[in-house]
Structure formats: structure tokens, C-alpha cells
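In: Sequence and predicted model, in that order:
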Amino acid sequence: MNIIICKNCKKEVEHHAKQMCTTCYKKLIWQPKLITCKRCGREKPMHAKGLCDGCYNSVFHIEKVKEQNIIKSHNIEREKYRKITSSCIICGFDKIIDLHHLDHNHENNADSNLVGLCPNHHKMIHDRRFRKEINSFLKDKGYIILEKYKDDEFFKNYKDDKRFIILE
């Protein structure tokens, strides 16, 4: 190819088209081909495989992106995350698994503080009505559960005590 001075950036480069280098040509002149996306039906520039960029990424890369974001936000290694979230520690469900910190401290990423829970059991451990049941199951499995709050029944049994005001 011929060596030219690019009209835009004034660098001495190989001639591409319109007296510009490849970089300047793509920025200033080239327009991507518009297609109707096979997935969403919108008319957008084609990214790859007949899909727009949003659909392509959600079809081919969304799981990788989600995993990378979780690993980044929890600050743990990929293999550790995959091992912990392989199945729910309570029921064995293995399709969708959340990472749960037993002491509720998201900075504490010790192996003994992390468990994988299915969405149902993860919701239950954060719900006061079921927390005791889930925590006792985890204790039976050998996990150390710190009691952050006294049990609600403790306070309900002291209705006559003047220090507690119970509205019924």
C-alpha cells in the first residue's frame, strides 16, 4: 500500500481510503450496516451473528458478566465462588445459588463465613419468621452462627415486665 499523510491526524501511515488512515476512516466516514436484529426486531447496527450489540452480549456473555460482577463486588476468587455456589447447602438445589455471609459482614470472606443458598432459603434466612429454623439447620451442618439479636419469643414472654412495652 501507499504511504500517505492522513488528512485528519496528520500521521504518516498506510493509505486506507479517502486519504485517511484506518482509525480516522472508521471514526469519521465509515457507517455500520443497519440490520433488523433477529432477537429483538429493532433496526440497529449489526454487532455479530445478525444481532445488535445488546442482544449479542445478553445471549453470549451475560453469565460471564454476572459472575465477574459478583466476584468483583465480593472480592473473592472465581474458583472459591464457583465452589461455594455449586448448590444450596440446605436443600441441594443447583440451578440458581446466592452467596450468603453468615455474619452479615460483606468484608469477611473467610470460607467459614460463606455459604451458598438457593433464593428461597436465602430469603428465609433474612426473614425473621424463618431465621431461627434456617440457622438451626446450618448449626447442625457445623457452621458457626452468631446470634445477633435475641429471639423474639424472649421479649414476648415478658409481657408483665414494666421495662417492656408490648402493643397487642
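Out: Thanks, I have it. Numbering: from 1, shown residues only.
In: was I right about residue 28 contacting residue 9?
Out: No - Residue 28 sits out of contact with residue 9 when judged by C-beta atoms under 8 Å, with a separation of 10.2 Å. Just so you know, the C-beta spots here come from the backbone N, C-alpha and C atoms, and that holds for glycine as well.
In: Quick one: find the helix or strand in this structure with the lowest mean pLDDT.
Out: Between all helices and strands in the chain, the lowest mean by mean pLDDT, DSSP states H and E belongs to helix 152-156, at a mean of 67.
In: Buried residues of the helix ranked longest in the chain, list them for me.
Out: The helix of greatest length in the chain, counted in residues with DSSP state H as the criterion, is given as helix 62-74. Along helix 62-74, these residues count as buried under the neighbour rule (16 or more other C-beta atoms under 10 Å): 71, 74.
In: now do stretch 74-85
Out: Across stretch 74-85, burial judged by 16+ other C-beta under 10 Å covers 74, 76, 81, 84-85.
In: What residue spans form the domains of the chain?
Out: When the chain is parsed with automatic domain parsing, its domains come out as 1-30, 77-153.
In: Just send those domains back as TSV, with distance to residue 48 too.
Out: Formatted as TSV, the entries for these read as follows, by distance: least, C-beta to C-beta, whole Å:
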stretch	distance to residue 48
domain 1-30	17
domain 77-153	26
